[in-house]
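Enquirer: Any chance you could fold what I've pasted below:
(2 chains, ligands or ions: 2)
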Number of protein chains: 2
Amino acid sequence: MEFVAGEYDIAVVGAGHAGIEAALASSRLGLKTIIFAINLDSVGNMPCNPSIGGTGKGHLVREIDALGGEMGKAADATAIQVRILNRAKGPAVYSLRAQCDRSRYRLYMKRVLENQENLDIRQGEVCEVLVEDGRVKGVKITTGAIFLAKAVVLATGTFLGGKVIIGETVIDSGPDGMHPARYLTENLKKLGIELMRFKTGTPARVHRRSLDFSKMQIQPGDSRPLPFSFENEDSFNIEQVPCYLTYTTEETHKIIRENLHRAPLFTGLISGVGPRYCPSIEDKVVRFADKPRHQVFIEPTGLDTDEMYVQGMSTSLPEDVQVKMYRSVIGLENVKIMRPAYAIEYDCINPLQLEPTLQFKRIKGLFSAGQINGTSGYEEAAAQGLIAGINAAMYVKGKEMLVLDRSQAYIGVLIDDLVTKGTNEPYRIMTSRAEYRLILRQDNADLRLTEIGYKIGLISQQRYEKFLQKKKMIEDEIIRVKNTIIAPSEKVNKLLLEKGSSPISTGVRLSDLLKRPELSYEDLKEIDVARPELPWYVQDEVEIEIKYEGYIKKQLERIEQFKKLENKKIPEWVDYNQILGLSTEAKQKLSQIRPASIGQASRISGVSPADISVLLIWLETAKKEKKD
Amino acid sequence: MEFVAGEYDIAVVGAGHAGIEAALASSRLGLKTIIFAINLDSVGNMPCNPSIGGTGKGHLVREIDALGGEMGKAADATAIQVRILNRAKGPAVYSLRAQCDRSRYRLYMKRVLENQENLDIRQGEVCEVLVEDGRVKGVKITTGAIFLAKAVVLATGTFLGGKVIIGETVIDSGPDGMHPARYLTENLKKLGIELMRFKTGTPARVHRRSLDFSKMQIQPGDSRPLPFSFENEDSFNIEQVPCYLTYTTEETHKIIRENLHRAPLFTGLISGVGPRYCPSIEDKVVRFADKPRHQVFIEPTGLDTDEMYVQGMSTSLPEDVQVKMYRSVIGLENVKIMRPAYAIEYDCINPLQLEPTLQFKRIKGLFSAGQINGTSGYEEAAAQGLIAGINAAMYVKGKEMLVLDRSQAYIGVLIDDLVTKGTNEPYRIMTSRAEYRLILRQDNADLRLTEIGYKIGLISQQRYEKFLQKKKMIEDEIIRVKNTIIAPSEKVNKLLLEKGSSPISTGVRLSDLLKRPELSYEDLKEIDVARPELPWYVQDEVEIEIKYEGYIKKQLERIEQFKKLENKKIPEWVDYNQILGLSTEAKQKLSQIRPASIGQASRISGVSPADISVLLIWLETAKKEKKD
Ligand SMILES: Cc1cc2nc3c(=O)[nH]c(=O)nc-3n(C[C@H](O)[C@H](O)[C@H](O)COP(=O)(O)OP(=O)(O)OC[C@H]3O[C@@H](n4cnc5c(N)ncnc54)[C@H](O)[C@@H]3O)c2cc1C
Ligand SMILES: Cc1cc2nc3c(=O)[nH]c(=O)nc-3n(C[C@H](O)[C@H](O)[C@H](O)COP(=O)(O)OP(=O)(O)OC[C@H]3O[C@@H](n4cnc5c(N)ncnc54)[C@H](O)[C@@H]3O)c2cc1C
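Expert: Ligands and ions are numbered 1, 2, ... in the order given. Next up, the predicted model:
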């Protein structure tokens, strides 16, 4: 029997990485929120590697943190190894990666949700989103309970119509032995929402005792572990647990090739589209046929367990092939599989149906975030969840929603890509997707976004003031370094020579010395007598800002161009079919996607520069006409 | 595709409370063992109250511990509150109860399994038990992987054909949002195994913040917390967390009565048989119609969570009724449900198909333990698991199997009841089921069983020696107390009067004073000048053994009678249909159950004393004939 079980401002469907951030954001903004999960024990579950961050993803986590999200703090609290990846490749693509304790992460997130004011937590399977006159009214769960809500955030991950596939075996299931969501897909279809079928996969978990680490390379954590959260900058330390590196062999590849005909991808058992950038091992062996070996990382999944993750070897090959294949990897000769590798297929929505706010264009108050939007990855999910939660709150409050553009944040890049270009495979973030990546660094995420988080109301006064202090320290130090003249002296030139730099014969600005690639801020300490004591994160920032000043400046100029186009808003009422001179494809795409600005319009595939010119002229005229 | 993934001595299907003990026992006895679970994250899950022990159940846990099982240690390691129940009712029915941290318990058990030598752990759904010529050969999982095994223990709990029921809603599901076991039932049927359909239920979990504890009574833990495990006797302490007591109201009962027509039990949606001794609240309201209120205990489910368990209010009423019903309980006026109450229906086997060893009579090497045998409860499951694991090991080694009789242990009572009388509802242990309960105390479980555990090989040399010391201390002290004569004196009589006991005028044995109900061992300390320093558990034991000596003696005499009948073994080859003079019902029951002894035969319902006489005479003659 249907009955009203509660009235809320916001209902969040799903307590994975997206749902958690959404629910925390909206409840922290003072809105009465309820969050649903099929199983309350697996709130914040990581069904794949319990690792947060990495290239591009690490940037997202720091941006989430700067805006007041939870993921960075959770990762810091449960990290068992942290490392900066790509340190050699320059600060634009540095990124932090933490291996976390999977069960502690879940407990941490559950605890945070439970402690959150304004937030109720419910185990229950949502089977219907209630919509009236194009506006969301709430959700219904399978027991008949209706939860009225002014806004709803969908964050169902890989559960919608979930099917787990191992070789020839297909089972209706969510990840990790949970039951799938069986009813919501049909309901979304009825609401006119277009769905797609994607898939993703995970490698086996194996028992630590069955591995021969003496044949592998140790991958230690960084000697100075860094945190994700800016709140932990002053005090972060963990005991680092090692990971291990090993390799596939010719034998591995032979086994895979000989069994390709049994891979579900080839037999047609999997119809969903998989992520190109997280390929399965069979994909890699096919695509890079001449590579004699692939890297395999063996990573712990927690402190209290011997389950180890076999990174790089996700597969949906049958179990008999899996066993042979894993046993052919160096050091895995006697491996004991605890959980086999599998692929999972699920329903997700076509994100072109969303505004950049993550609201459905055609259903007011309905937002969507995470894997359901066609992405893959915990961080991508959390980033969208945060934005959807904020915007659901803004929607309910009747305030302006938050849209970050491509020059402000990776979050902006991610969402803009989704809603402007759509995706035909599970989308993941990469640094190469960001045009302005020298600006969108992980170290300056707070400088870019804390102000925004504070204005929204997710950054506390205290944290904000501390942030302002940090900002001032950085600015002051940059000025000081720029104004400091180093005079030539024996000591100075000795140091320069030692560091492989050319000596100076006249006074030189300290900032100019710092711009020399071979010299670091730390190197120059000896000859920089007036240098104040500064925290490591201020030093890092000063160094980067000065060292890359030239490039940064250029990128800022390009951003200005970009902003001009972004600021040319396209009114909602435009009827593209009426605009003479637009190509047919442009008319169709523009009508479907309904870009918010000329900038967005120009990024739609199929919309040419010529179309943009036509559009610009038409808008000028239309504006004039409106004025007249 | 089918393939052989491994060869084992023993395969255990299920990593709940039964499966864990079975797998640990067999691997600790040196046999190569593998244990399966549908979801490795929920090893040792407690889907109902995370509480171990209680009346009768506490006895089982101590017996498990004395035999070398794990449950007691796990409960000790994760307890957040412990109490002795029924202290006022005398030592036969005392029992220890611990409220545990649900997620820590799971992590603890997973850790123990992972660390266990000879034991492999596998996530995977077993779909077939392989049998050839009446002998078990192994198991197959859904991926096609075959694990050969000489013996198999079934411990599938509530997963076989699991259906979760909330009011009008029925969903295929295992407990806690896990997917059910979908294939094994059919296979068991094909093997000729008779199945039954049972059900059990659980109340809601509610958010701590939504409760008004000021209206409830605090239920603190004991000031001196006692452990379950005899290994922890010398060093056990925990920080005790409180539970709370409150009551249903007239309003609660009214709501339930008005909605009875919607209870699945009444609408016919539930066909499974529920446990009479863990009734749902609607059962209680119907059965005890004149009771104005029922007790409700509010108990924490862990230290890291705000989920509270509402003991006493399990239900399968629809969610709208649940909400109203819970809100009518004192202190729950604003309660927020986090997980609704539900009933679960599942397939289990008719335990009459089992020998007292828990082996199937008709399939050699196939054992079965836990909820699948028609019981209910973690402790009942663990007890059976331990015995099944030991006996699977003995079977593989070709050694004599372990059968505990009704005078040795509650475990004996439990299994004898199951295999002799069967059950038509989920069976749970109760002290009233034990005829010899003054002997089967929880305090002396080690005295009764450690020797056996040691001989089997599950009790270490070190523990055994410590046990012998303890035993000797007890015996010595009993002798000393019996031989100590207390002479009348002013001091002595003053003490006696103070304690409400009559003064003495001649010398009296200390043991005779101790037999007086009003005097405790502790009370007599002052006048017992030669008393040695003894650990609390030795003191307790001495006190009980002396105080109840008379009753104990009588019960021991009755046990001797009992043993005589138990020792009259009935050979396997007996064909009951050939025995003249047996009633038809007796012939049928005896043929079905095939009791191992006259004792067991006499407990079969439908077998009369007259039948037993016929049987005895027939056996005498048959024996003689065989000799001749
Ligand atoms: C097998 C597997 C392999 C993966 N491999 C990778 C990888 O290699 N790299 C990578 O980056 N990412 C990988 N991922 C993806 C990653 O797990 C997800 O991207 C991430 O967890 C998505 O977060 P989410 O919040 O969108 O959804 P999830 O974390 O999936 O959370 C979904 C939540 O929604 C709830 N829910 C769903 N439907 C309902 C409903 N109807 N009613 C109520 N609650 C509902 C669930 O209970 C759950 O709480 C993998 C995932 C899986 C399952
Ligand atoms: C809703 C609910 C309410 C309950 N209420 C009470 C109560 O009030 N009082 C009480 O005393 N007891 C109660 N119980 C019962 C108690 O939970 C069980 O008695 C106890 O957990 C049984 O232990 P077990 O080891 O037999 O099975 P479980 O603990 O259920 O474990 C079963 C194991 O088998 C695995 N499994 C099942 N099938 C397969 C397969 N085909 N292949 C591989 N693995 C498989 C599962 O993954 C799991 O690991 C309740 C249980 C439930 C679910």
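Enquirer: Spell out which residues of the stretch 51-200 of chain A are next to chain B.
Expert: Within the stretch 51-200 of chain A, the positions near chain B by CB under 8 Å from any CB of the partner chain are A:103, A:107, A:110-111, A:114-115, A:120-125, A:142-145, A:166-169, A:171-174, A:176-179. Where you see a C-beta, it was placed from the backbone N, CA and C, and this is true even at glycine.
Enquirer: Just confirm A:Tyr8 is within a strand.
Expert: Yes: secondary structure of A:Tyr8 (DSSP: H, G, I helix; E, B strand; the rest coil): part of a strand.
Enquirer: re the thing from before, show the buried residues in the residues of the stretch 51-200 of chain A next to chain B.
Expert: Buried subset of these (neighbour count, 16 or more other CB atoms under 10 Å in any protein chain shown): A:103, A:107, A:110-111, A:114, A:120-125, A:142-145, A:166-167, A:169, A:171, A:173-174, A:176-179.
Enquirer: so of these, which ones are in helices?
Expert: Judged by DSSP state H, those include A:Ser103, A:Leu107, A:Lys110, A:Arg111, A:Glu114 as members of helices.
Enquirer: who's in contact with the closest residue to ligand 2 within chain A?
Expert: Across chain A, no residue is closer to ligand 2 than A:Gly177, which sits at 7.3 Å (CB to the nearest ligand atom). Going by CB atoms under 8 Å, 6 or more residues apart in numbering or on different chains, A:Gly177 touches B:Ile38, B:Asn39, B:Leu40, B:Asp41, B:Ser42, B:Gln123, B:Met178, B:His179.
Enquirer: about what we covered before: near ligand 1, from the residues of the stretch 51-200 of chain A next to chain B?
Expert: Restricting these to those adjacent to ligand 1 (criterion: CB under 6 Å from any ligand atom) gives A:Glu125.
Enquirer: residue contacts, the residue of the stretch 351-500 of chain A found nearest chain B?
Expert: Chain B sits closest to A:Tyr378 of the stretch 351-500 of chain A, with a gap of 16.9 Å, by CB to the nearest CB. Residues in contact with A:Tyr378 (CB under 8 Å, 6+ apart) are A:His17, A:Met46, A:Ile52, A:Lys57, A:Met71.
Enquirer: Just give me the closest of the contacts of A:Gly177 to chain A.
Expert: Of all those, chain A sits closest to B:Asn39, with 3.1 Å by CB to the nearest CB.
Enquirer: shouldn't the closest one be in contact with A:Gly174?
Expert: No: in this structure, B:Asn39 is not within contact of A:Gly174 by CB atoms under 8 Å, at 10.5 Å.
Enquirer: For the residue lying closest to A:Thr420 once chain neighbours are set aside, the count of nearby residues, please.
Expert: Nearest residue to A:Thr420, sequence neighbours excluded (CB to CB, 6 or more residues apart in numbering or on different chains): A:Arg603, at 5.0 Å. When neighbours are counted by other CB atoms under 10 Å in any protein chain shown, A:Arg603 registers 16.
Enquirer: Surely A:Arg603 is in contact with A:Leu418?
Expert: No: applying CB under 8 Å, one finds A:Arg603 not in contact with A:Leu418, separated by 11.7 Å.
Enquirer: give me phi/psi at the spatially most distant residue from the centre of chain A?
Expert: What lies farthest from the middle of chain A is A:Glu490; by CA atoms, centre = their mean that is 50.2 Å. A:Glu490 adopts backbone torsions of phi -60, psi -50, taken as degrees, to the nearest 10.
Enquirer: What residues does chain A have near ligand 1?
Expert: A:13-19, A:36-39, A:47-48, A:125-126, A:155-159, A:175, A:181, A:184, A:200-202, A:278, A:344, A:370-371, A:376-378, A:381, A:428.
Enquirer: Which residues are in contact with A:Tyr209?
Expert: Heads up, residue A:209 is Arg, not Tyr. By CB under 8 Å, 6+ apart, the contact set of A:Arg209 is A:Asp306, A:Lys336.
Enquirer: can I assume it sits in a helix?
Expert: Yes: under three-state DSSP, A:Arg209 falls within a helix.
Enquirer: Tell me the pLDDT of it.
Expert: We have a pLDDT of 96 for A:Arg209.
Enquirer: do you know how far it is from B:Ser280?
Expert: Look at A:Arg209 and B:Ser280: by CB to CB, to the nearest Å, they are 45 Å apart.
Enquirer: cool, and A:Ile456?
Expert: In terms of CB to CB, A:Ile456 sits 47 Å off from B:Ser280.
Enquirer: Looking only at neighbour counts, state which of these two leads.
Expert: Between A:Ile456 and B:Ser280, counted using other CB under 10 Å, the more crowded position is B:Ser280 (26 against 18).
Enquirer: The more buried one touches B:Gly201, doesn't it?
Expert: Yes: using CB under 8 Å, B:Ser280 is in contact with B:Gly201, at 5.3 Å.
Enquirer: Now do the shared contacts for those two.
Expert: With CB under 8 Å, 6+ apart as the test, B:Ser280 and B:Gly201 both reach B:Gly274, B:Ser314, B:Thr315, B:Ser316, B:Ala343.
Enquirer: Looking at the residues you listed, point me to the pair that's furthest apart.
Expert: B:Gly274 and B:Thr315 (11.3 Å; CB to CB).
Enquirer: Looking at the two, which one has more neighbours?
Expert: More crowded of B:Gly274 and B:Thr315, by other CB under 10 Å: B:Thr315, with 29 against 22.
Enquirer: ok, the residue lying closest to A:Met473 once chain neighbours are set aside - contacts?
Expert: Nearest residue to A:Met473, sequence neighbours excluded (CB to CB, 6+ apart): A:Val538, at 4.8 Å. By CB under 8 Å, 6+ apart, the contact set of A:Val538 is A:Lys470, A:Met473, A:Ile474, A:Glu477.
Enquirer: Who are the contact partners of the closest residue to A:Met430 other than its chain neighbours?
Expert: Spatial nearest neighbour of A:Met430, chain neighbours left out: A:Gly56 (4.8 Å); criterion: CB to CB, 6+ apart. By CB under 8 Å, 6+ apart, A:Gly56 lies in contact with A:Ser95, A:Tyr410, A:Arg428, A:Ile429, A:Met430, A:Thr431, A:Arg433, A:Ala434.
Enquirer: Among the residues you listed, which one has the most neighbours?
Expert: Ranked by neighbour count (other CB under 10 Å), those have A:Tyr410 at the top, with 32 neighbours.
Enquirer: close enough to count as contact, that one and A:Leu60?
Expert: Yes: applying CB under 8 Å as the test, A:Tyr410 and A:Leu60 come out as touching, 5.3 Å apart.
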